[in-house]
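> okay, here's the prediction I keep looking at, along with the sequence it came from:
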Amino acid sequence: SYRKLFDEAFLKLKQKLNDDNSMNQKNNIDTWLIPTFQAAKLGFNFESEALYKLFNNSTTDSNTTLATAYFNLDLKTFMSIKYSSSNFNIVTAAPEAHGFRDGKNFLAKIPLFYSLLAEKLLKGLETNKFTNYYEFKDGTKSFHGKGIWYYDSLFNIFISFVGSSNYGPRSILRDLESQVIIITSNPDLIKRLKQEEDYYINHSNKLSRKDLESRNAHVNFKTTLQLQILHSFL
């Protein structure tokens, strides 16, 4: 299975990095590319299994960034982040950079829905003091970034998820998603992946739950009810 392939590649890379001579060997493999597929309704959960395993087995020497324009978590992903040992960054779209910022009528409410979801999720994540929340805002640009960047400084391993998923209940439970997992110890590739990660964070504002509470204070009961109904579709 893809889960077994992911486990084997991760363990092999750790073993190679623990062998002082392995990095000097000719034709040494320092990068793995693992395709994943998610279609829960058809019984395929390769992507989510790899995601949970990464978060649940992260170390205190690691740093993780999850980026999605549509920040909404299913329960299992939420719990994996809440109890993760990694320093965790979440990057999502500010309302002004949201893909639905120019939506008409009901669609105009979608950025607000995600702001309310973020407030609720951050309240639940407050017990994890290593979780940071950022909202991307860079001039007039809209934000559609998505991906995961994980770096373990102890083993010098970088893992990145590249593909279509937004890591929410819609992606995990409803939609068909496809990604590639990159596992590497290649210094140049690590540098490039880190630059990509840093770009998102450096063009974002760090916010707290109280910041979101203040922004969302005007929300009425009707909007709250609509969000409860639509939650799993966002």
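Right, received. Where do you want to start?
> I'd guessed Glu213 sits against Ala118; true?
No. Contact status for Glu213 versus Ala118: not in contact, 10.6 Å apart, counting by C-beta atoms under 8 Å. The way it works is simple: take the backbone N, C-alpha and C, and place the C-beta from them, glycine included.
> who's more crowded, these two?
Ala118 (22 against 12; other C-beta atoms under 10 Å).
> from Ser86, how far out is the more buried one?
19 Å (C-beta to C-beta, to the nearest Å).
> name the element the residue nearest the centre of the chain belongs to?
Centroid check for the chain by C-alpha atoms, centre = their mean gives Leu66 as the closest residue, at 2.4 Å. Assigned by DSSP states H and E, Leu66 belongs to strand 62-67.
> would you put the C-alpha positions of the next helix-or-strand element following that strand in PDB?
Using DSSP H and E, the helix or strand that directly follows strand 62-67 along the chain is helix 75-82. Below are the C-alpha coordinates for helix 75-82, written out as PDB (Å, rounded to 0.1, in the frame of the first residue of the first chain):
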ATOM      1  CA  LEU A  75     -11.700  15.800  13.300                       C
ATOM      2  CA  LYS A  76      -8.800  13.400  12.700                       C
ATOM      3  CA  THR A  77      -6.500  16.000  11.100                       C
ATOM      4  CA  PHE A  78      -7.500  18.500  13.900                       C
ATOM      5  CA  MET A  79      -6.500  16.000  16.600                       C
ATOM      6  CA  SER A  80      -3.300  15.100  14.800                       C
ATOM      7  CA  ILE A  81      -2.200  18.800  14.800                       C
ATOM      8  CA  LYS A  82      -3.400  19.400  18.300                       C
END
